[in-house]
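Chemist: with the sequence up front, the predicted model follows.
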Amino acid sequence: MTLDNVKAMEKMPPSEKRLASPCIQVCRIDSTTQRCEGCRRTLDEIARWRSMSETERAAVWARLAADPHSPA
């Protein structure tokens, strides 16, 4: 999912929105950055993903899209 996808979803009716997890099944935490080596999320973002609002999820996706090391 890209930032363009996130922006497009912001225009969708709430009943059609549900941002997918950025998880790519490469789950290892980098000891230096404290981020997952696969999806680049923090442990807090990973733990809270299911309970995050769509706004919070969109913010995570936006950060990932801006991260030059992110697979997103």
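Modeler: Done, it's in. Residues are numbered from 1 along each chain as shown.
Chemist: and the helix ranked longest in the chain, what does it pack onto?
Modeler: If you go by DSSP state H, the chain has its longest helix at helix 54-66. Packed against helix 54-66 by the contact rule (3 or more C-beta pairs under 8 Å, 6 or more residues apart in numbering; DSSP states H and E) you find helix 3-10. Every C-beta, even on glycine, is put in place using the N, C-alpha and C of the backbone.
Chemist: helix or strand next in line after the helix it packs on, which one?
Modeler: helix 43-48 (DSSP states H and E).
Chemist: for that following helix, which outside residues touch it?
Modeler: 23, 29, 34, 36, 39, 52, 56, 60 (C-beta atoms under 8 Å, 6 or more residues apart in numbering).
Chemist: residues of that helix that come out buried?
Modeler: When burial is assessed from 16 or more other C-beta atoms under 10 Å, helix 43-48 yields the following buried residues: 45-46.
Chemist: give me the nearest residue to residue 38, chain neighbours excluded.
Modeler: Among residues not flanking residue 38 along the chain, residue 26 sits closest, at 2.9 Å (C-beta to C-beta, 6 or more residues apart in numbering).
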